[in-house]
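Engineer: Fold the following for me, if possible:
(4 chains)
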Amino acid sequence: MTEEKRSPQSGGETRPAEDPGKTAPAPAAETEKPKKNLRSRLFRSERMTIVEPAPHAKGKNSVPRIMYTVILALLPAVVLSLFLFGTRAMITIMVAVFAAMVAEYASNRIMKSTVSVDDGSAILTGLLLALTLPPGFPIAGTALGAVVAIVFGKQVFGGLGANIFNPALIGRAFLQASFPVKITTWSMPAFAAKGVYFDMATKNAVDGISGATPLGLLKFEHIGTQLKPLLFGNIGGCIGETSAIALLIGGILLLILKYADWRIPLSYIGTVFVFSGALWLINPELYPNPLFMVLSGGLILGAFFMATDMVTSPVTPLGTWIYGIGMGIVLVIIRIWGGLPEGVMYSILFMNGLVPLLNRWTRPKYFGEIQEEKKK
Amino acid sequence: MSNTPKIIIVLTLITLISGAVLALLDSYTRPKIDNYRKIQENQAIAEVLPENDRINEVAKDGYVFYEAYRKHELVGVAFQVSGGGYQSELVLMLGLSPDFSRIIGLKILSQVETPGLGTKIEKDESNKEDPGWFINQFKDLRTLPSISYVKNASPSRDTEIQAISGATVSSKAIVDILNTHIKKAKAARGIE
Amino acid sequence: MKQKTAIQEFLKGLWDENPVLVSLLGLCPTLAVTVSAINGLAMGLAATFVLLCSAFLVSLLRKVIPNQVRIAAYIVIIATFVTIADRFLAAFTPDISKALGPFIPLIIVNCIILGRMEAFASKNGIGRSLLDALGMGAGFTLTLLVLSSIREILGSGTWFGLQLMWPFYAAWKVMVLPPGAFLTLGCMIAAANWINTRRRS
Amino acid sequence: MKPSTFKKGLHPEDYKYFSRNQAIETLPLPDDVYLPLQQHIGAPCVPLVKKGDRVKTGQIIANSEAYVSAPVHASVTGIVRDIEKYYHPLGMRETMIHIQRDGEDEWEYLEKIRDWKWTPKEQLLKTVRDAGIVGLGGATFPTHVKLNPPDDKPIDSFILNGVECEPYLTADDRLMIEQADKILLGMAIMMHILDVQKGYIGIENNKPEAIARMQKRIVELGYPFKLVPLKVKYPQGAEKMLIYSVLKRRVPAGRLPMDVGVVVNNVATALAVAEAVTEAKPLIQRVITVTGDGVNQPKNLMARVGTPFTELFKACGNVKDNVHRIFMGGPMMGMTQYHLESPVIKGSSGIVAVSGDLVEELVTFPCIHCGACVKACPMNLLPLRISRFGQRGMVEQLDEYGVTNCIECGSCAFACPANIPLVQWIKVGKLRLREYNAKRAKEKA
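Structural biologist: Residues are numbered from 1 along each chain as shown, chains lettered A, B, ... in the order given. Next comes the predicted model:
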């Protein structure tokens, strides 16, 4: 083998003539016509196409896969909401998702960043937003909320991963502040209002019957709601937050797949249960049953799908506990002493704001760090 | 070199001139401002009290009671109350019958509630015929044993008002303010 | 540095050195009072009045006031004019005075005014100082007018009290709340920066 | 009993089935060998031969005066063709001695040791050094340094590393099955040098045959060693992880295993020590796994150091047409090769060719703070933060977050759903911190 052939000075591009000598690499000699495939290039001292840093093996997870799995996990709640609220829910969901995708695309183009509509995050944001809206919410308002969620909730921070607050909740907060009347006009599920179960034919007839949410009833009129309807969704409320069971199915799927940190729902719901339970034990007349607190409103939806949003929750185990407990405390304070009947949204947004600090304060001790301190 | 004397002189002069200008201004604008305030107050008192020929101011226990007399007979008492609303302090002028059993009139002096929602306590733009329907409900409302509210229904008792749907907190706040202050004012005036 | 022409001295306050959009001064009144266009305009005019009068006096007295106490002196001068403006508004337009609330007295600490006194009026002649004050005041007023117009139109559907949007328009209540002020101002500053970047390149 | 293990880490698909049942084959002597002057951590060697010299197999052709260094031996008998810069498998171009074989295989042996049990420690250490033995697991740290800890660091335990946690690789697995006796002997010699009584052998549970074989020979030969089966988890074979798994001792940050009284050595190293001491053979060959779905006949080959990779592939029926990446070492920490005439070095434990019809391009997404890297990091670091700091050159934060503790095992990047090259940025961070510290030290001085 001549030196030119192997020496780096000759470079990859200007390959010297093939030396038919006996030391020529065998594979190249075997290939009679030099094919332009990778193998022949490899053995002719040219550069390989893929030179990259380790590791060369990759796990199967990817960002779109996570996003689409979360969407999948929301399907039971979505299907149930279609069943409960019919076309109104469907229109709201479709409008929110579509508007979110359009807003994402438009932001990408204006900001000249990679088009990220297909990674699923915009779809998820739209879907989550729709699930927090009452079924009769105006179409224009839904679209506006989705646009605000994407543009002000996510893109102004720099797109996916850079946002501090959960985008869907930003959209929802904007709508709540903008249209406080519309967003608190609740429709009863079709068959509940009629008192006829599984009578789909009548659902359009009762569109627009307004009812109050269990939390609203409790707060302003001191009327409790039975727990069973809370579990199965036969109550007034937002599109996606009426049935605890449908949400739990998806939520548990996420926990099993480890796309949601189990500590967050556990600490969040657990804190709500313990805190409100303590109050209930002190005065059962004044304070609601802790089970009611857990099952009503958007707590299950928030705890499993919104608080666990990876971008806006802490990465350290200790930080995650603090985050969940903080949300639980804020929620109970808002629900019991605050001016609003529901506080899931604000409790999550509030703790979202603390996440960067929590990540800093709760940096785990690295392997061997404790011993080092002891020795000193 | 010290220029302290100069500093003192210049600052003194500026302050003196400024003070003089402001004194002149005050003497010129104060009557106008006081006048306006008085008009406002009188207007509010007049709105919540029945016809009268004399108003007497009595201060007691932190309240200023405006007692309305007609032919030397006490026909009503008005006083200002305030309390927390949904997101601001609500200031109300409340006019009551002499025995505090009936509200003669209620006027909102200041509020900064959620626009379009809590503000309906003062003016409901969605109700074209009667924008002041909420506050007007308090006219001739009985105060005993206490005022209460109902939601999404017409009041059935003479101590009930209908809350604004979607602004229950603001509605509730007014009812609560009235209940507490009527009780306190009663004690202040020694009415059983 | 080249001396600016008179017209440039005036125009710089409108855009290049706009007190709100570029210098980010006087944000407290900017955010607080711009609920309706009329409030924005009143605030802008009141501030312009104070700015003009103070600039005149400060420029006039710039050689008299000793350096050590200049800030104190400016504050007294500004406070005097602010009080004048406040009392006049209270006496003649009580409604606007009530709407602007404490923000008229707070013009005293409005950084635009103190900033212009310190940076400009105390170093330049009366003519230039007045032009500068007028430009800054106009820039402030215009910015407030635009900001308050956007907020009033979106948040109440009206402009200077006139019904502007279609009757069934659902007003975005958030725009007349504090968050709306931050959102609108943020968008305006972003737009101004965007235009400036494009113009420069 | 549950198998011992460490905390965190992950479970990559191990792909060992390609070559696990292939007995070690000896590769025919190559015509040309290229011997890099630096195949170890420490001072580089200086060539002792010149162009045109004839060298024998096992002759020292490069050496260094430095203590932390290891000599290089000719791995074939032949003529030194030239001493030039060639492609090194670790990516740079390094000076190598090119020897052309001239047919014979004449050996030059080390100084013979009659009975190692009665030979002074110093002489055994010298033999280990003269044999050019370095850590053959891939770290290539000179073994004689490891076996000679300072007096203030008492060593009480010796761990033989038979973990081989990298996917694909089966060289150590096969060695333990086929050369158990020699490996145990090498371990006994090293423990003798260190004067250590407690010996442990850590083997991952996915090598049942090796565990059975080793256990059988330990009992039959009467060694006092304890075989510890370990849970299959990456990076079980990293020194600090292995020490924790076996002894539950944590090596303090920034310290060495000897600080907790432990010395860890690889099975291949043990074999090399045994051969050097009892057979006087220098380290001129090693077992290397040639595997991956891009190789037609995956094999475990006993190859001379310096053999070009092309020779290895030739012996394995060549690579397939659609190979898109080839790396030396395992997929987690190995280096991609862009030049297949790079030679086998002492630290080459395997060479893997991965095929696929499509060269899939990994799309990098923004970090979504999912914490997958945090859950994977065996050192309990926050890779997402450190890599970000590295990218931005925030040296003080890098130090605070313990960047120097990163063992570059690649677990974080493996787990990352956004395909962020975390390890690269962490390496950049380490470099920047080092530069910064050097600058600071210079300013102080």
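Engineer: Show the average pLDDT along stretch D:223-237.
Structural biologist: For stretch D:223-237, mean pLDDT rounds to 90.
Engineer: Equivalent analysis for stretch A:292-311, please.
Structural biologist: 87.
Engineer: Quick one: end-to-end length of that stretch, please.
Structural biologist: End-to-end distance for stretch A:292-311: 30 Å, by C-alpha to C-alpha, to the nearest Å.
Engineer: and it, is it in reach of chain D?
Structural biologist: Yes. Applying C-beta under 8 Å from any C-beta of the partner chain, one finds stretch A:292-311 touching chain D at A:M310, A:V311. Heads up, the C-betas are built off the backbone N, CA and C, glycines and all.
Engineer: Low-confidence regions, the chain specifically.
Structural biologist: All of this is about chain A. In the predicted model of chain A, residues A:1-52, A:185-237, A:242, A:339, A:370-376 satisfy pLDDT under 70.
Engineer: should've been chain B
Structural biologist: For chain B, the stretches with pLDDT under 70 are B:1-2, B:114-117, B:125-126, B:128, B:152-153, B:165-166, B:192.
Engineer: Strands along that one, start to end?
Structural biologist: Taking DSSP state E as the test, the strands found in chain B are B:54-60, B:63-70, B:73-84, B:89-96, B:103-110, B:148-150, B:160-162.
Engineer: Turn these into CSV, columns for distance to B:F134.
Structural biologist: Formatted as CSV, those follow (distance: least, C-beta to C-beta, whole Å):
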stretch, distance to B:F134
strand B:54-60, 27
strand B:63-70, 24
strand B:73-84, 17
strand B:89-96, 13
strand B:103-110, 10
strand B:148-150, 10
strand B:160-162, 8
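Engineer: Out of the ones you listed, which gets nearest to chain D?
Structural biologist: Among those, the nearest to chain D by C-beta to the nearest C-beta is strand B:73-84 (39.4 Å).
Engineer: Neighbouring strands - and their directions - for that closest one?
Structural biologist: strand B:63-70 (antiparallel), strand B:89-96 (antiparallel) (DSSP bridges).
Engineer: Deepest-packed of the ones you listed, please.
Structural biologist: Among the strands paired with strand B:73-84, the stretch with the highest mean neighbour count (mean count of other C-beta atoms under 10 Å in any protein chain shown) is strand B:89-96, at a mean of 21.
Engineer: Mind listing what's buried along stretch D:108-118?
Structural biologist: Using 16 or more other C-beta atoms under 10 Å in any protein chain shown as the burial criterion, the residues of stretch D:108-118 that qualify are D:L110, D:I113, D:W116.
Engineer: And for stretch A:356-375?
Structural biologist: If you call a residue buried by 16+ other C-beta under 10 Å, then stretch A:356-375 has these buried ones: A:L358, A:N359, A:R360, A:T362, A:R363, A:P364, A:Y366, A:F367, A:G368, A:E369, A:Q371, A:E372.
Engineer: Which members of those define the maximum pairwise distance?
Structural biologist: A:L358 and A:Q371 (25.8 Å; C-beta to C-beta).
Engineer: so what are the domain limits for chain D?
Structural biologist: D:16-20+D:111-279, D:26-104+D:287-355, D:372-444 (automatic domain parsing).
Engineer: Redo those domains as TSV? Include distance to C:G139.
Structural biologist: Listed next are the domains of chain D as TSV, based on distance: least, C-beta to C-beta, whole Å:
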stretch	distance to C:G139
domain D:16-20+D:111-279	57
domain D:26-104+D:287-355	59
domain D:372-444	37
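Engineer: Of the ones you listed, which is nearest B:A20?
Structural biologist: Of all the domains of chain D, it is domain D:372-444 that lies closest to B:A20, at 59.4 Å by C-beta to C-beta.
Engineer: what about stretch D:238-251, near chain A?
Structural biologist: Yes. Contact between stretch D:238-251 and chain A, assessed by C-beta under 8 Å from any C-beta, occurs at D:K240, D:Y244, D:R250, D:V251.
Engineer: got those residues as JSON lines, with distance to D:E65 columns?
Structural biologist: JSON lines is the format used below for the residues of stretch D:238-251 next to chain A (distance: C-beta to C-beta, whole Å):
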{"residue": "D:K240", "distance to D:E65": "31"}
{"residue": "D:Y244", "distance to D:E65": "37"}
{"residue": "D:R250", "distance to D:E65": "36"}
{"residue": "D:V251", "distance to D:E65": "31"}
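Engineer: Disregarding residues adjacent in the polypeptide, which is nearest to whichever residue of the stretch 201-350 of chain D sits closest to chain B?
Structural biologist: Residue nearest to chain B within the stretch 201-350 of chain D (C-beta to the nearest C-beta): D:A253, separated by 51.9 Å. Excluding its sequence neighbours, the residue lying closest to D:A253 (C-beta to C-beta, 6 or more residues apart in numbering or on different chains) is A:G368, at 4.1 Å.
Engineer: Double-check C:F103 against C:A42; I have them as touching.
Structural biologist: No. Using C-beta atoms under 8 Å, C:F103 is not in contact with C:A42; the gap is 9.9 Å.
Engineer: Neighbour count: these two, which is higher?
Structural biologist: Higher neighbour count among C:F103 and C:A42: C:A42, with 23 against 20, using other C-beta atoms under 10 Å in any protein chain shown.
Engineer: one step back: identify whichever of the strands of chain B lies nearest to D:D105.
Structural biologist: Between D:D105 and the strands of chain B, the tightest spacing by C-beta to C-beta is seen for strand B:73-84, at 97.7 Å.
Engineer: Between strand B:103-110 and the closest one, find me the angle.
Structural biologist: Computed by axes from the mean of the first three to the mean of the last three C-alpha atoms, to 10 degrees, the angle separating strand B:73-84 from strand B:103-110 equals 40 degrees.
Engineer: Ramachandran coordinates for the residue of the stretch 201-350 of chain D closest to chain B?
Structural biologist: Dihedral pair for D:A253: phi -60, psi 130, per degrees, to the nearest 10.
Engineer: repeat for D:T95
Structural biologist: The phi and psi values for D:T95, taken as degrees, to the nearest 10, are phi -70, psi 130.
Engineer: does C:L25 belong to a helix or a strand, and which?
Structural biologist: Assessed by DSSP states H and E, C:L25 sits outside every helix and strand.
Engineer: no, scratch that, I was asking about D:I326
Structural biologist: strand D:323-328.
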